[in-house]
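Undergrad: Turn this into a structure:
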Amino acid sequence: MDLHRHLRSPALSILVLATCFSASQARHHKEMANNTEFVSVNYVVLDEQPDLGPWSDWSLPSSCSRSCGGGVAFQSRNCRHGSACQGPAKRYFSCNTMHCPPGSKDFRSEQCSKFDTQDFGGNLYEWIPYTKGANDCELNCMPRGKRFNGFTTKMVDGTRCNDETFDVCVEGRCMPVGCDFFLGSSLREDKCRDCGGDNSGCITVTEIISFETDLSDAEPGYNDLLLIPAGATNIFIRELKDANNYLAIRNGNNSFYLNGNFNINYPEDFHFAGTVFHYERQPNSFLLGSAVIRALGPTNESLYIALLYHEDRKGEGIEYEYSFSKEEQSDDSDHYFWVTHNFSECSSPCGGGSQNRTLGCAKKSDNSAVSLRLCNPVKRPATTQRCNEETCDPEWFVSLWSQFRRVYCLQKISNRMTVIEDDVCVKKHGEKPIATHQPCNEER
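TA: Reported below is the predicted structural model:
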C-alpha cells in the first residue's frame, strides 16, 4: 500500500496518528481502511533522552522521501514558548514500502546520476556509487571506469545502508528496519530468510574442508568441493589461510560465474543464480591470498563450489555454511547422485525397532565415489527407518526375592517397555506369580 498517498487524506491521517504514534517506542498495529488492511507502522527517534515537555502536538506527516522501495517520512513538534524541553523533536517512520517496478534504477545509483550533467574538472562523467566508504550513509560517487571519488554528500533518507540488511539511512545515520520493511520493527529473518521465523523449518549445513584429509588427492586445475542446492540462503564460504588457489563457482551446465576457464575475476559483486554474491580476496603477496564469498540468497539453481588448485597447503582448509528450507524442492541438474546401501537388521523383533544404513555419493559420468558434500542435501535419502512395529506379547516381570518380590505385567510398545493391567498377562500366561512372601530360613 502507498502510505504517503493515503496520508494525504486528513481523516485517514488522524487514524494513522492515533493508532501508530501513541507511544515513544516502535509498535505494531493493524487497522482496516476502505476494506484494505492497513499494514503495521513503526517509528524511530534519533534523540533517545526521556521525554520532558511541554511540547506541542505532533505535526502532520511530511512527504515521503521515496515513491517506492521504502522511503522515510517524519513528524515534528516544537517546545512551547518559554519552556525547556527534552526529548525528540522529530520522529521518523517508513512509507511507500511497496517494491519498485521491475527495471527501476537502484536508489543510490539514481542519486549519483544527478551529477551526470555537472561539470567536473572541465569534463562530464557518468557517476556511479562507491560503496566502500567508512560511512554507509554518506553518498560517495565516482566516474564509471575511473578510480577517484568526485562527489560526497549526505544520502537521501530511505536509502539502504548496505545490501546485506533492510536498514536505511535517516538524517545521515543507519537506522534499523525489520524484515517487514518498517523502521524500528523488531522482526528479523531466520537463516532461511523467513521473516519472523525461528529456524525450525531450516536445515543449516556447516563444515570445514581440510586440505590434508579431504583434498589429499586434489589435482592441479578445477576440483569440485561441494554443491549448494537451489533455494540456499545465507551462504558463506571462506579460505582459512592465504594460498595460491582460487575459489570458483559454476552451475549444473558447467557454466562458470566466478573464476572460470582459468580467468581470475577481480573482487566485486556478481549477480547470478537469483541473488548477489559478494566476492572478496585479500592479497598477501603477488600470488597468495584468501577469499570470502557471501550471498543472502535464495538461489534459484544449484551451484557447485570448485577450487582452482595450484599447491598443497597442509593444515589449512575452506570453511562454509548455508541453509535451506526443509520443504525446498531442488532442480535436477546435479552431476552427482546418492548411493544407498542395504538397511541393517531390525534392532527389535517386535514392538518397534530401527534399521540403519550408510550413504555414498558418486559421479554420474563414471560412477566413481566422491565426497558426500557433492550430492544434493535436499535429496539426501533417509539413513534410518522404523521396523517390526507389531506389538510384542505381554510377559510377567518378576524381581528377585528379598522379604518380598515385585511382579507386574510388561509389554513392549513403540520400542518401550510399558506396565499394563495384570489381566492381560493372566489371559496370556495364567495366574500371577506370588509376590508377598515365601518360606525361608526353616532349618533348626
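
Undergrad: Distance-wise, check residue 248 relative to residue 224.
TA: 10 Å (CB to CB, to the nearest Å). Just so you know, the C-beta spots here come from the backbone N, C-alpha and C atoms, and that holds for glycine as well.

Undergrad: oh sorry, the question was meant for residue 365
TA: Taking CB to CB, one finds residue 365 at 12 Å from residue 224.

Undergrad: coming back round to it: joint contacts of residue 248 and residue 224?
TA: 305-306 (CB atoms under 8 Å, 6 or more residues apart in numbering).

Undergrad: Between these two, tell me which one has more neighbours.
TA: Between residue 248 and residue 224, counted using other CB atoms under 10 Å, the more crowded position is residue 248 (26 against 18).

Undergrad: hang on, that one packs against residue 261?
TA: No - with contact defined as CB atoms under 8 Å, residue 248 and residue 261 do not form a contacting pair (9.4 Å).

Undergrad: how about low-confidence regions in the chain?
TA: 1-41, 284-286, 312-315, 328-333, 403, 435-444 (pLDDT under 70).

Undergrad: and the one residue sitting closest to the centre of it, how far is that from residue 216?
TA: The residue lying closest to the centre of the chain (CA atoms, centre = their mean) is residue 191, at 2.6 Å. Relative to residue 216, residue 191 is positioned 32 Å away (CB to CB).

Undergrad: where's the residue nearest to residue 189 when sequence neighbours are not counted relative to residue 195, distance?
TA: In this structure, residue 189 finds its nearest non-sequential neighbour in residue 179, 4.8 Å apart by CB to CB, 6 or more residues apart in numbering. Distance, residue 179 to residue 195, using CB to CB: 4 Å.

Undergrad: Overlap in contacts, these two.
TA: Joint contacts of residue 179 and residue 195 (CB under 8 Å, 6+ apart) are 187-189.

Undergrad: What subset of those is buried?
TA: Among these, the ones that count as buried by 16 or more other CB atoms under 10 Å are 187, 189.

Undergrad: Any chance of the shared contacts of residue 179 and residue 195 in TSV with secondary structure as columns?
TA: Shown next, in TSV, are those (DSSP: H, G, I helix; E, B strand; the rest coil):
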residue	secondary structure
187	coil
188	coil
189	strand
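
Undergrad: Of the shared contacts of residue 179 and residue 195, which is the nearest to residue 415?
TA: Each of those was scored against residue 415 by CB to CB, and residue 189 proved nearest at 38.4 Å.

Undergrad: List the contacts of the closest one.
TA: Per CB under 8 Å, 6+ apart, neighbours of residue 189: 179, 195, 197.

Undergrad: In which helix or strand does residue 276 reside?
TA: Using DSSP states H and E, residue 276 maps to strand 275-283.

Undergrad: could you point out which element follows that strand?
TA: Later in the chain than strand 275-283, the nearest helix or strand by DSSP H and E is strand 289-295.
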